[in-house]
Each structure stands twice: as C-alpha cells, then as structure tokens.
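>>> curious how this folds, go ahead:
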Amino acid sequence: MVTLLSLAAPAFASAQTDAGIPVTDPLVRAKCGTCHAVDDRGRIERVSWARATPEGWQASTKRMIVENGVAVTPIEARAIVGYLSSKHGLAPDEAKLVMYAAERRIHDESQTLNGAVVAACGKCHQAARALSWRRTAADWTRFVERHAARYRFAADAKAVTALIEAAPLHTREWDAASASARAPAIAGQWLVTAHVPGRGNFHGEMDVEAAGDSDVFSTRTRLRSVDGSTVLTRTGRSVVYAGTAWRGRSSGAGPATAATDDASNEMQEAMLIASDGSKAEGRWFRGQYQELGIDVKMQRASASPVVLLVDPPSLKAGSSATRLRVIGKRFPASVTTDDLSAGPGVSVRRIVSSTPDEIVAEVDVARDAPPGRRTVAFRSSALENAVAIYDRIDDVRVVPDSSLASFGSESYVRGYQQFEAVGYHRGPDGKRRTADDVELGPVDVAWSMEVFYEVDQSRQDRVGTVSRAGFFTPSATNPGVNSDVWIVATATTEKGADGKPLVGKGYLVVTVPTYTFEGRTYVRDLDRWIEEGSSPR
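All right, here's what the predicted structure looks like:
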C-alpha cells in the first residue's frame with residue numbers, strides 16, 4: 001500500500017537529520033521518557049521534534065494522563081506544561097496567527113489560513129488547532145496518518161504538504177525568539193482598556209505581582225466604564241510562558257448573580273504579550289462554551305502622558321461644539337487647544353475641563369472633512385485609529401454575524417450569546433459591505449428575532465428571547481431540535497437612502513448541548529488540575 005510516508009519520501013529523509021530541541025528538564029525527561037525514547041543528546045522522541053501553544057501541550061499532557069495512564073501529580077503536570085510551553089512553544093509572531101483559538105473567538109479561517117489545511121482539519125474543529133503546532137516533515141506525515149486511522153478518514157497528501165510548508169519545526173521567528181537572552185519583565189502596573197460587548201468601553205489599571213514561581217503572577221484589575229456608571233474589580237492568577245503567552249483566571253469580589261454579570265463571573269484570560277514587553281492584547285472569556293468575553297488591551301505604565309481611549313468613537317462631518325473626551329493617564333494640570341489634534345478638518349474649539357485622567361474638549365468638524373479613521377494625539381502621545389469621521393451611517397451590522405447558543409440540560413447550563421449593533425460608513429469606494437468600510441461604533445437599535453422555519457418544536461417562545469441590550473437567552477426547556485434564527489437590529493434613528501430605518505441581521509443557531517465522550521465536567525476539572533494543581537473531583 002502506498003502511504004503518506006512514501007509520498008513524502010524526500011521531506012521524510014531530510015527530516016531524519018533535522019536538529020530536534022533537547023529537553024533539559026529532569027521531570028519532563030523522567031515522565032515523557034517512560035514511553036518516548038531519549039537519545040544521548042537529551043532529545044525525546046516526538047517531543048523534541050515538536051513545538052506548540054500552551055493549549056497544545058496541555059491537551060497532549062491530558063491525553064497522556066487519560067489514555068496512557070501516565071502517573072503525575074497536579075504540580076508535576078503543571079510544571080511539564082509550563083516547561084514545554086516555554087522551551088518548546090511558539091514565537092509571538094507565530095502565535096499571533098492562531099491566537100483566536102486560545103481566545104475562543106468566532107473566526108472565519110478561510111480568510112487567514114491555508115485552504116488545504118482548512119479543508120482537511122476544519123471539518124471537525126478549528127484548523128488553528130493543527131497550526132498551533134510546529135513539527136518536522138516526518139512528524140506531520142506520521143501525525144496525519146495516525147489521526148486518519150484513529151478517526152477513520154482518508155488521509156490527504158495535500159493537507160500534509162500544506163502543514164509541512166505552513167508549520168515547520170524551525171522558523172526564523174522561533175530562532176530569533178530562542179536567541180533572546182531574557183523574557184520581558186511582567187510585574188508592575190499596566191494600563192488597561194477593554195471592550196465589553198453590550199456595555200461599551202472600559203479603562204483602568206492592572207497591578208501584577210510575582211507569586212512565587214518565576215512565571216506565576218497575581219493580578220488585581222480595576223476597570224471603569226467610559227460613562228462612569230460601572231466599576232469592575234477583579235483579582236486573579238496568571239501564568240506567563242516564555243514571557244509572552246499569558247494564561248490566567250480572574251473573578252470579582254462576590255458570587256455571580258446572572259449570566260450577564262461581568263463583575264463577578266470567573267473568566268479565563270488568554271493574551272499575547274509583545275516580545276519587548278511593552279503591550280499585551282487578548283480576550284477574557286467565560287460561559288459553558290466560552291461564548292461570553294471581553295476584548296482587552298494593556299500597555300506598560302510610564303511617567304509620560306498617554307492617550308488610552310476617545311469617546312465618542314466617531315464624529316459627524318459638519319458638526320460643531322461636539323464634546324470629545326480623551327481618556328488617559330498623567331495629563332498635566334494645564335492643557336491648551338494646541339495640545340490636542342485629530343487630523344485635517346477637525347479643530348479644537350476649547351478645553352472644557354481636564355484632570356490627570358481625562359480631557360474634555362469641544363471640537364468642530366468641517367463639512368468637507370475627509371471620512372475615515374483618525375489618530376488623536378495629546379502632544380507626543382498618539383492613539384491610532386482613535387476616532388472615525390463620517391458624513392452618514394450607511395450600514396448597521398450585527399456582531400457576531402454568525403454564532404451559536406445552546407439549550408441546557410440536567411448536566412449542562414445554557415450557552416448564551418451577546419450581540420452588538422455597529423454602524424459603518426461606506427468607505428472610499430462608496431460601496432457598502434466592502435473591505436474599506438469604516439467602523440463607527442455602537443448604534444442605538446431595537447432588538448428582535450425571527451425563526452427561519454417555524455414548526456411546532458421551534459416556535460419563537462420555545463427558542464429563547466433577546467433583551468433590549470442584545471443579550472440572547474435560550475429557552476429553559478430543551479426542545480431537542482436545532483433552531484435557525486435571525487437576530488435583528490433595527491436602528492432607532494438612523495435611516496437608509498430609502499428613508500427606512502437601517503436594519504442588520506445576525507445568524508444564530510440554537511442547539512442542544514455539545515456532549516463529549518469523556519464528560520465535559522471531568523475534562524474541565526482536569527484542565528484546572530493541570531493549570532493550578534487542584535485535584536479533579
């Protein structure tokens with residue numbers, strides 16, 4: 001029989017001399033070496049010829065425990081994942097490509113990944129799961145053959161070739177990261193901005209302190225909504241692999257009282273820290289299927305003024321005396337109109353007020369001001385794409401545009417979904433729904449829902465409800481069937497060229513819980529067991 005190994009013979013032959021990554025940690029060598037051969041250079045079969053994200057190594061360790069009966073304590077399991085994620089991980093530029101998988105984001109992979117990989121791997125899971133690994137040609141070939149045999153599908157030689165080309169073991173990015181003498185410092189104060197879907201933008205600070213091990217930190221975060229109505233205080237614990245891969249958990253001070261409670265619900269945190277340690281970006285998420293989350297950006301605090309947020313996020317051409325709030329840190333006591341700028345066509349009329357954390361200014365926007373996103377600057381501190389200029393709102397889009405929610409059961413809580421309505425300008429090409437459209441920010445809308453095919457089992461009252469804030473709650477009763485639903489956002493003030501209110505729609509599938517053969521509760525307990533050293537039930 002012709003196998004993929006024979007089809008990839010040249011790559012396989014060259015892979016035999018590919019320099020693997022020696023394993024220097026005694027614990028990893030002792031535990032992995034019981035099944036995988038160790039050579040005289042400290043290289044472990046399979047392990048030394050692979051690199052992966054923390055999620056990849058955690059899944060691999062979990063599989064060794066569950067399927068192969070590897071005997072490790074919780075502390076040992078976490079140490080193994082920590083070592084492999086740091087010494088056999090991905091460089092920041094490599095991790096960025098598949099970061100959405102760690103962040104549990106809905107993502108259209110057809111626009112970003114190799115088509116052959118998406119076609120082969122995306123049938124069962126995100127293709128990013130495969131591209132979260134780096135392997136030699138021989139190991140990719142072996143992996144696909146074994147995967148095909150286990151799950152009973154025909155191995156695809158095109159997919160193997162694509163994986164070998166897209167995710168080799170050795171890359172320039174990895175060589176550069178490996179050559180770095182030291183990981184960036186993490187402890188200290190970070191300035192934080194966050195977008196909470198359905199609730200707007202937040203800003204604040206995070207204090208990070210070392211918590212014993214060199215890669216473990218305790219965190220305390222204080223966030224305030226732009227309108228000042230809400231304050232979120234969270235404490236947590238994070239592990240930072242190789243100084244760049246942030247994985248953590250945090251929660252509020254009290255027990256959560258509702259699915260929409262961002263203040264107290266426990267969240268997982270997945271962020272990518274820049275290689276120089278100056279910035280970090282990612283998502284904090286929660287929910288039965290990690291469907292609820294907030295987008296977070298952080299930057300190191302400094303002694304100089306810094307612009308963090310601008311509100312409102314868009315200004316209409318021809319408007320005058322509009323109040324613009326510039327939120328940041330360490331603004332001086334004296335601020336003049338010359339200190340602020342927002343590009344051509346926008347003039348600062350006067351400074352209404354200023355504090356160390358906020359400047360309020362009145363601005364005029366010329367009727368012929370060029371539409372598009374602008375940088376807002378306070379002296380030498382600039383925030384790119386901080387505000388958008390537009391002449392009219394041309395489109396309303398529902399975010400996410402396609403999503404999933406789930407009914408509950410005795411063992412599974414419901415899976416929810418938060419929607420937002422975002423306005424867009426048609427962009428330089430003058431056409432709606434094209435790549436150059438300009439995002440303008442949230443739009444006031446009335447929310448409703450439409451069931452695609454309404455039969456007795458999928459009547460709207462049996463599917464669920466969408467709140468005035470765009471939060472979808474599935475019905476408490478599981479009807480046992482899937483329901484295809486339009487989530488409809490009808491603008492309350494903005495109208496299209498036909499004089500009718502602008503309308504956006506998002507596609508939602510409401511389905512039964514996702515059952516797994518291991519039992520979802522046990523799998524999650526095992527994840528925590530590996531991450532934190534607490535025993536599974």
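
>>> pull out the buried positions in stretch 288-301.
Neighbour counts using 16 or more other CB atoms under 10 Å place 288-301 of stretch 288-301 among the buried residues. From N, CA and C alone the C-beta is placed, and that goes for glycine too.

>>> so which of those sits lowest on pLDDT?
Lowest pLDDT of these: Gln288, 83.

>>> then it would be within a strand, right?
No: Gln288 is assigned coil when assessed by DSSP: H, G, I helix; E, B strand; the rest coil, not a strand.

>>> okay, the buried residues of stretch 288-301 in TSV with secondary structure and distance to Gly480 next?
Formatted as TSV, these follow (DSSP: H, G, I helix; E, B strand; the rest coil; distance: CB to CB, whole Å):
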residue	secondary structure	distance to Gly480
Gln288	coil	18
Tyr289	coil	19
Gln290	coil	24
Glu291	coil	21
Leu292	strand	24
Gly293	strand	28
Ile294	strand	33
Asp295	strand	35
Val296	strand	37
Lys297	strand	42
Met298	strand	44
Gln299	strand	48
Arg300	strand	52
Ala301	coil	53
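
>>> redo the residues you listed as a markdown table? Include distance to Glu109.
Below are the buried residues of stretch 288-301 laid out as a markdown table (distance: CB to CB, whole Å):
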| residue | distance to Glu109 |
| --- | --- |
| Gln288 | 23 |
| Tyr289 | 18 |
| Gln290 | 17 |
| Glu291 | 18 |
| Leu292 | 22 |
| Gly293 | 19 |
| Ile294 | 23 |
| Asp295 | 19 |
| Val296 | 23 |
| Lys297 | 23 |
| Met298 | 26 |
| Gln299 | 29 |
| Arg300 | 32 |
| Ala301 | 36 |
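
>>> farthest pair in the residues you listed?
Pairwise distances across those (CB to CB) peak at 35.7 Å, for the pair Gln288 and Ala301.

>>> make sure I have this right: Thr473 is in a strand.
Yes: residue state for Thr473 (three-state DSSP) corresponds to a strand.

>>> so what's it up against?
Ala259, Arg414, Tyr416, Gly464, Thr465, Val466, Ser467 (CB atoms under 8 Å, 6 or more residues apart in numbering).

>>> so how far is Val510 from it?
10 Å (CB to CB, to the nearest Å).

>>> shared neighbours of those two, anything?
Common contact partners of Thr473 and Val510 (CB under 8 Å, 6+ apart): Gly464.

>>> phi and psi next, for the residue nearest in space to the middle of the chain.
Centroid-nearest residue in the chain: Glu103, 3.3 Å away (criterion: CA atoms, centre = their mean). Torsion angles at Glu103 (phi, psi; degrees, to the nearest 10) stand at phi -80, psi 0.

>>> distance of it from Val72?
On the measure of CB to CB, Glu103 and Val72 end up 28 Å apart.

>>> repeat for Phe378
52 Å.

>>> also Tyr424?
51 Å.

>>> then Val216?
19 Å.

>>> just Asp93 next, same as before
32 Å.

>>> ditto for Pro501
59 Å.

>>> one more: Met64?
From Met64 to Val72 the distance is 8 Å (CB to CB).

>>> next one: Asp40
Using CB to CB, we find Asp40 at a distance of 25 Å from Val72.

>>> when these two are compared, which one has more neighbours?
A count of neighbours by other CB atoms under 10 Å puts Val72 above the other of Asp40 and Val72, at 18 against 5.

>>> the more buried one reaches Val66, doesn't it?
No: contact criterion CB atoms under 8 Å: Val72 and Val66 do not qualify, at 11.7 Å.

>>> and for Pro400, the neighbour number?
Neighbour tally, Pro400, other CB under 10 Å: 20.

>>> show me what contacts the residue nearest to it when sequence neighbours are not counted?
Spatial nearest neighbour of Pro400, excluding adjacent residues (CB to CB, 6 or more residues apart in numbering): Ile106 at 5.1 Å. With contact taken as CB under 8 Å, 6+ apart, Ile106 is in contact with Pro400, Ser402, Ser403.

>>> so which helix or strand takes in Ile106?
Following DSSP states H and E, one finds Ile106 outside all helices and strands.

>>> do the same with Lys123
Per DSSP H and E: nothing holds Lys123, as it lies in no helix or strand.

>>> show me where the stretch 201-350 of the chain has its strands.
All strands of the stretch 201-350 of the chain, identified by DSSP state E, counting those that start in this stretch, fall at 213-225, 231-241, 245-251, 267-273, 279-286, 292-300, 306-311, 314-316, 322-329, 340-341, 346-355.

>>> can you check the stretch 351-500 of the chain too?
Remark: strands assigned in the stretch 351-500 of the chain by DSSP E, counting those that start in this stretch are 358-365, 372-378, 381-390, 395-399, 402-406, 417-418, 420-425, 438-442, 445-451, 464-466, 471-474, 483-495.

>>> thinking again about what came up before, would CSV of the contacts of Ile106 with distance to Ala366 and pLDDT be doable?
Converted to CSV, these look like this (distance: CB to CB, whole Å; pLDDT from 0 to 100):
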residue, distance to Ala366, pLDDT
Pro400, 35, 95
Ser402, 39, 93
Ser403, 40, 93
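
>>> if we can go back for a sec, which of the strands of the stretch 351-500 of the chain has the highest mean neighbour count?
Among these, strand 417-418 has the highest mean neighbour count (mean count of other CB atoms under 10 Å), at a mean of 25.

>>> helices and strands around that one, which ones?
strand 402-406, strand 471-474 (3 or more CB pairs under 8 Å, 6 or more residues apart in numbering; DSSP states H and E).

>>> convert stretch 222-234 to PDB, retaining C-alpha atoms only.
Taking C-alpha atoms only, stretch 222-234 is exported to PDB below (Å, rounded to 0.1, in the frame of the first residue of the first chain):
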ATOM      1  CA  ARG A 222      -9.800  48.000  38.300                       C
ATOM      2  CA  LEU A 223     -11.900  49.000  35.300                       C
ATOM      3  CA  ARG A 224     -14.300  51.900  34.900                       C
ATOM      4  CA  SER A 225     -16.900  52.300  32.100                       C
ATOM      5  CA  VAL A 226     -16.400  55.300  29.900                       C
ATOM      6  CA  ASP A 227     -19.700  56.800  31.100                       C
ATOM      7  CA  GLY A 228     -18.600  56.300  34.700                       C
ATOM      8  CA  SER A 229     -21.600  54.200  35.700                       C
ATOM      9  CA  THR A 230     -19.900  50.800  36.300                       C
ATOM     10  CA  VAL A 231     -16.700  49.800  38.100                       C
ATOM     11  CA  LEU A 232     -15.300  46.300  37.700                       C
ATOM     12  CA  THR A 233     -12.800  45.000  40.200                       C
ATOM     13  CA  ARG A 234     -11.200  41.600  39.600                       C
END
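
>>> phi and psi next, for Glu173.
Here is the backbone geometry of Glu173 (degrees, to the nearest 10): phi -60, psi -40.
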